[in-house]
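**Student:** got a predicted structure here, sequence first:
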Amino acid sequence: MEFGIFTIGDVTTDPTDGTAPSEHERIQATLTIAKHAEEAGLDVFATGQHHNPPFVAPANPPVLLAHIAAATERIHLSTATTLITTTDPVRIAEDYSYLQHLAGGRVSLMMGRGNTGPVYPWFGKDIRAGIPLAVENYNLLHRLWRERNLSWEGNFRTPLEGFTVTPWPLDDVPPFVWHGSIRSPEIAEQAAYYGDGFFHNNIFWPTSHTARMVNLYRQRYEYYGHGAARQAFVGLGGQVFMRKDSQAAVREFRPYFDNAPVYGHGPSLEDFAEQTPLTVGSPQQVIERYAGFREWAGDYQRQLFLLDHAGLPLKTVLEQIDILAEEVVPALRKEFDAARPADVPDAPTHEWLAARHRAGEDPVPGGAPGSRAHEDRLAAEAARSEQEAR
Amino acid sequence: MTASEAVMREAQQGARSGEPAEGPEIVVVSSGLSEDSATTRLAQRMLDAVLGLLAARGVRARSTHVRLRGLARALTDLTVSGVPAPEVEEAFAAVRRADAVITVAPVYKAAPVGIHTLFWQLIDDASLAGTPVLLGSTGGTPRHSLAAEAAMRPLIAYLKGIAAPTAVFAATDDWGAGAASGLRERIAAAAAELVALMGAVAGGAGAPESGSGASHEAGGLRFRADPGAQARAARLRDEFDPESVIPFAQLLGR
């Protein structure tokens, strides 16, 4: 089980003193946060991809992640997300492959579509084709990382003739991919089809909804024969604010909640905390709430927290990282590890993926012989040829 | 406001005690803003008329009343934060499973009150498709009477609801004028249209539980016996059901 933090790099005014960091300050703060996360003992630092204010999350996450890779030893670096719709899959393949070499394999990707219409045309795309773009582009990316001298033709970019990604993925193993979606069944299905991970960023969603999407992914993962439903790779988001005394936590966080562009001027802090994973209180309250996630999500592999948001000062964010790493994560890790059956995989590392690859056990997209999906395909083909014979 | 206060299932009309709660469900969505508002009264009168006509045909219907006043806060929260409160989810679910909908709103400044519009703007597109709908509105002066035609009907049409031709408008005058106002007749006419529409989409005289996919031919055209079944299935489809998800190979175009 890996625990970490993810950032969207929002530049937000601190409502308690009216100050906002400059873009430069916010970018420097992001580096401090990432390094602090490693020092505190967290497993993952993940960054979003953004192309518009008020966000400074990078337009090309490998730029930021390569810098952090050089400044850290151990922490796993991930995106949250990589925009698979508006970024050329050839660039994704090469940039992240290069990053993987720089970071010694400490890299994974989380694929997302992006949800604002205006961004798409900046990169020559159309949001109405969001799902088809995600489907075709990822299919190409998956092949680029696995087939040398690839010849390919599709709807959304120029054809490729005998193209080989440079550099080739480290140890012949591409980075692990999570597919992120909050409400598109197609993306849960996509993750299951390839035997990749599924990440639900549930920070604005009630548990009941997240549970249904996770269940869809797990059932389809089993259908495609990559393993039992309970063995699939699930990741979840969350957001917390902690102080020793829970009332102090609420008092300190309320002005940030009430004024944040994403939360503020809507539901009360109390209603929002009841309906979403937002937990404001003592570390013990956070442990209890998040330990309960496996009751509806099953044994899962990745838990990321959003801590640096809503205009919280850097000092506060670093304190939150310390509380998370010192008091919350060890307790959650112990609980989750004890509960997880031996045959449910842990979060994939480069070494684990390389071993799986050497053993010839890479997932087969769409299902290997023996899977229900494969049987259904054979049956459909048989029915078709019988019909043609008539 | 708890969910059960905002979305109330009424006692089954015309049912003898101990009988199972079956039969069509009429869902009322009204935005009366005071406890005993003219809008709530009109909604109740329209519901009673519909239930009465159905009962006369031997159809025992159930009703659920969604009172938007109780959801006002949750609807604005959903607008600005995207987080659906459980009571809003419950109200949306009631609309999806409804066999017919009656929606009634007070008219402010020549348009239905904001929370009426908000509710129908926030519900998923497919939620009302193929559902017969009766429109009602109230206002302080008869000059508001066309708001239902100009503003409420297009909203329902956008959602692919099947609105009955007659919309009932009640001005303050109507409540005091007794039989001379014609309100009673307008309600009766509208209710009859709704029941006819229910019968049409259900393939029988107000008996929605035909259930079969049978069809018949007449005048060279083929009619499904249960034309509402497809729309109903689309409304109630669970897009996260692993058994009915679109296979990825299909998305890939293979």
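**Tutor:** Yes, it's here.
**Student:** up against chain B, what does the stretch 1-150 of chain A have?
**Tutor:** A:131-132, A:135-136, A:139 (CB under 8 Å from any CB of the partner chain). From N, CA and C alone the C-beta is placed, and that goes for glycine too.
**Student:** most neighbours among these, which one is it?
**Tutor:** A:Val135 (24 neighbours; other CB atoms under 10 Å in any protein chain shown).
**Student:** mind checking how far B:Arg235 is from A:Phe272?
**Tutor:** Distance of B:Arg235 to A:Phe272, given as CB to CB, to the nearest Å: 29 Å.
**Student:** equivalent analysis for A:Ser108, please.
**Tutor:** To A:Phe272, A:Ser108 is 29 Å away according to CB to CB.
**Student:** neighbour count winner among those two?
**Tutor:** Between A:Ser108 and A:Phe272, counted using other CB under 10 Å, A:Ser108 has the larger neighbour count: 29 against 21.
**Student:** hmm, back to that, among the residues of the stretch 1-150 of chain A next to chain B, which lie within helices?
**Tutor:** Among those, the members falling in helices (DSSP state H) are A:131-132, A:135-136, A:139.
**Student:** so which of these is the closest to chain B?
**Tutor:** Among those, A:Val135 lies closest to chain B (CB to the nearest CB), at 4.9 Å.
**Student:** surely the closest one meets B:Leu252?
**Tutor:** Yes - using CB atoms under 8 Å, A:Val135 is in contact with B:Leu252, at 6.1 Å.
**Student:** which SSE is A:Glu381 in?
**Tutor:** Per DSSP states H and E, A:Glu381 falls inside helix A:372-389.
**Student:** buried residues in that helix?
**Tutor:** The neighbour-count check on helix A:372-389 (16 or more other CB atoms under 10 Å in any protein chain shown) flags A:373-374, A:377 as buried.
**Student:** look up the pLDDT of the residue nearest to A:Ile323 when sequence neighbours are not counted for me, please.
**Tutor:** Closest residue to A:Ile323 apart from its sequence neighbours, by CB to CB, 6 or more residues apart in numbering or on different chains: A:Met242 at 4.8 Å. Per-residue pLDDT puts A:Met242 at 98.
**Student:** A:Met242 reaches A:Gln284, doesn't it?
**Tutor:** No - using CB under 8 Å, A:Met242 is not in contact with A:Gln284, being 9.3 Å away.
**Student:** show me where chain A has its strands.
**Tutor:** For chain A, strands defined by DSSP state E occupy the ranges A:2-7, A:44-47, A:76-79, A:82-83, A:107-112, A:150-152, A:160-163, A:176-180, A:197-200, A:234-236, A:240-242, A:279-281, A:302-305.
**Student:** need those in TSV with distance to B:Met152, can you?
**Tutor:** TSV is the format used below for these (distance: least, CB to CB, whole Å):
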stretch	distance to B:Met152
strand A:2-7	44
strand A:44-47	47
strand A:76-79	46
strand A:82-83	40
strand A:107-112	38
strand A:150-152	52
strand A:160-163	54
strand A:176-180	39
strand A:197-200	37
strand A:234-236	42
strand A:240-242	44
strand A:279-281	41
strand A:302-305	45
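**Student:** against chain B, how distant is A:Thr276?
**Tutor:** 6 Å (CB to the nearest CB, to the nearest Å).
**Student:** what residues are up against that residue?
**Tutor:** Counting by CB atoms under 8 Å, 6 or more residues apart in numbering or on different chains, A:Thr276 makes contact with A:202-206, B:83.
**Student:** now B:Ala105: which helix or strand?
**Tutor:** Per DSSP H and E: strand B:100-108 holds B:Ala105.
**Student:** which parts of that strand are buried?
**Tutor:** Within strand B:100-108, the residues scored as buried using 16+ other CB under 10 Å are B:100-107.
**Student:** what strands line up against whichever helix or strand comes after that strand, and which way round?
**Tutor:** Next helix or strand after strand B:100-108 toward the C-terminus (DSSP H and E): strand B:111-112. Note on strand B:111-112: by DSSP bridges, its sheet partners are strand B:100-108 (antiparallel).
**Student:** in the stretch 51-200 of chain B, which spans are strands?
**Tutor:** Taking DSSP state E, counting those that start in this stretch as the test, the strands found in the stretch 51-200 of chain B are B:62-67, B:100-108, B:111-112, B:132-139, B:162-163, B:168-171.
**Student:** turn the ones you listed into JSON lines, columns for mean pLDDT.
**Tutor:** Formatted as JSON lines, the strands of the stretch 51-200 of chain B follow (pLDDT from 0 to 100):
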{"stretch": "strand B:62-67", "mean pLDDT": "96"}
{"stretch": "strand B:100-108", "mean pLDDT": "97"}
{"stretch": "strand B:111-112", "mean pLDDT": "95"}
{"stretch": "strand B:132-139", "mean pLDDT": "97"}
{"stretch": "strand B:162-163", "mean pLDDT": "96"}
{"stretch": "strand B:168-171", "mean pLDDT": "95"}
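**Student:** how about the ones you listed, which one is nearest A:Ala347?
**Tutor:** Closest to A:Ala347 of those is strand B:62-67 (CB to CB; 44.2 Å).
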